[in-house]
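Enquirer: 3D model of this:
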Amino acid sequence: MEFIREYADWFYLIGAVLFILTLRGLSGPKTAIAGNRYGMIAMAIAVLTTFFVADNPVVWMIVGAMVLGAIVGIARARTVPMTQMPETVALMHSLVGLAAVLIAIAAIIHNNKLVELGPDLLAANGINFHEMSKVHLFELFVGCFVGAITFTASVFAYGKLAAKKWAKTISGAWVKPVQALIFIAMLGFGIHFFLTGNMISFWAMTGLALAFGWVWIAPVGGGDMPVVVSLLNSFSGWAAAGIGFTLENNMLIVAGSLVGSSGAILSYIMCKAMNRSIINVLFGGAMGGAAAPTAGAGEQVQRNYRSGSADDAGFLMSNADSVVIVPGYGMAQGRAQNAVKELANLLKEQGVTVRFAIHPVAGRMPGHMNVLLAEADVPYEDILEMDEINSDFPATDVVLVIGANDVVNPAAKDDPNSPIYGMPILEAHKARTIMVIKRSMATGYAGLDNDLFYNDKTMMIFGDAKKVVEDMTKSINGTGH
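Expert: The predicted model follows:
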């Protein structure tokens, strides 16, 4: 194993290059499989190299943790339904943050133990030891508090996405002062630890960082959770990079920086798609509004809408020249992506032009709809982003909206009083006919009523997305229900 020790830096360099190729591969569906393979090889190189260059590793603990992690990871990957993928991603981010915190704690405890032994005893045992410099203390300070914030914030995001009772959104005038107080206290203890190395300050900083992660994300509204998931992905990367400096592990620094920077860029792109700043998302309170206009004194106004059947929808689509399908979380919830693919193929066979329109923040995590459609083998060229498709809606015969709400809400353009006013949307309301599949007239994840549902051109079709789409297919086929 001396060979690996001697050429460890070269192995780390190869792994770093492979991680860069991973990101490049994941930028497109045609190269995604190769990108995943590059990442797997890079991670294997990183783990094996680190294992053999570590000083006096406790082999049974390392191998045991790796085996246990592999078992849990494989089991989860094989069983997680697509509807639970967003919360699973958030939970994985939490583990990266927790790992950063535990490594920082272990590094400080290890350093303090060596200090207690004294330089003479260490030298007698052939141990070359230098007490942590200010640079190392600063690295631990950053890596630990970013990791702690990432951990609790990701746990809350998991609970929010999984609709857990304990993940309740908090609101009120007291929230921002409490956030500011905890953050300032956290920085104060962290700076004191950096200047003095005091362990009490370190534990206080860590505890306050854990608390801040929770109260920081708890006020964020449901409609903003895709941005939060992306940002937490970025935070987990920066936490890993910070600990990489502490451990003097170049591979961890590179990998963490790649994850951190890519997550930050994605967060910026998503905020731009919502016409909001990242500061507004994270500190502006929940995005939401009233379920419907009110007549005063709490009396809700009844608004008229038109409903139809799967047979009506099948007839309209089969006689159209162009159909645009807008998927939303309802498609994921109903696991309807394969049924939608079958419907699209049938329409194409009848000469109908079928395309899919994707909003950057549709679903519960970045790229949620793209993942679902890729799982159903929908051709990549049929999937268009918001900027590519919006100009085509006025010439589109039929738009089929499947469980989407906020990303097609015309209030974003028409109602200055709406919380989402100014947010770019898929302009489905400009099509000649709009059909919306929903379970009920309930509001979407952001808590806003949707004017599109009451449009004269809109036909509401109520029911489970998969069942309704399958009934549409049967109607077009002429096989009945």
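Enquirer: so how far is stretch 89-104 off the chain centroid?
Expert: With C-alpha atoms, centre = their mean, to the nearest Å as the basis, stretch 89-104 stands 15 Å off its chain's centre.
Enquirer: And the helices in the stretch 151-300 of the chain?
Expert: Using DSSP state H, counting those that start in this stretch, the helices of the stretch 151-300 of the chain run over residues 175-196, 199-217, 225-247, 250-273, 278-283.
Enquirer: Sorry, slip of the keys, the one I care about is the stretch 351-481 of the chain.
Expert: According to DSSP H, counting those that start in this stretch, the helices that the stretch 351-481 of the chain contains are 368-375, 386-389, 411-414, 465-477.
Enquirer: I'd like these written out as TSV, with mean pLDDT and mean neighbour count added.
Expert: The way it works is simple: take the backbone N, C-alpha and C, and place the C-beta from them, glycine included. Below are the helices of the stretch 351-481 of the chain laid out as TSV (pLDDT from 0 to 100; neighbours: other C-beta atoms under 10 Å):
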stretch	mean pLDDT	mean neighbour count
helix 368-375	86	21
helix 386-389	92	15
helix 411-414	87	18
helix 465-477	93	21
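Enquirer: Output these in TSV, with distance to A404 appended to each entry.
Expert: Below are the helices of the stretch 351-481 of the chain laid out as TSV (distance: least, C-beta to C-beta, whole Å):
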stretch	distance to A404
helix 368-375	9
helix 386-389	12
helix 411-414	13
helix 465-477	11
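Enquirer: quick one, which of those is nearest to I108?
Expert: Evaluated over the helices of the stretch 351-481 of the chain, closeness to I108 peaks at helix 368-375, with 39.0 Å, by C-beta to C-beta.
Enquirer: and the closest one, what does it pack onto?
Expert: The contact analysis (3 or more C-beta pairs under 8 Å, 6 or more residues apart in numbering; DSSP states H and E) places helix 368-375 against helix 85-117, strand 322-327, helix 329-333, helix 337-349, strand 353-358.
Enquirer: K430 is nearest to which of those?
Expert: strand 322-327 (10.7 Å).
Enquirer: send the alpha carbons of that closest one over as PDB?
Expert: Output of strand 322-327 as PDB, limited to C-alpha atoms (Å, rounded to 0.1, in the frame of the first residue of the first chain):
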ATOM      1  CA  SER A 322     -51.100  20.800 -31.200                       C
ATOM      2  CA  VAL A 323     -51.100  19.800 -27.600                       C
ATOM      3  CA  VAL A 324     -48.900  21.100 -24.800                       C
ATOM      4  CA  ILE A 325     -48.700  19.100 -21.500                       C
ATOM      5  CA  VAL A 326     -47.800  21.000 -18.400                       C
ATOM      6  CA  PRO A 327     -46.800  18.500 -15.600                       C
END
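Enquirer: okay, the angle between it and strand 353-358?
Expert: Here strand 322-327 points in a direction 30 degrees away from that of strand 353-358 (axes from the mean of the first three to the mean of the last three C-alpha atoms, to 10 degrees).
Enquirer: so what strands line up beside strand 322-327?
Expert: Next to strand 322-327 in the sheet, as set by DSSP bridges, lie strand 353-358 (parallel), strand 398-402 (parallel).
Enquirer: Take these and write them to CSV, including mean pLDDT.
Expert: Output for the strands paired with strand 322-327, formatted as CSV (pLDDT from 0 to 100):
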stretch, mean pLDDT
strand 353-358, 96
strand 398-402, 96
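Enquirer: so which of those strands gets nearest D464?
Expert: Of all the strands paired with strand 322-327, it is strand 398-402 that lies closest to D464, at 10.9 Å by C-beta to C-beta.
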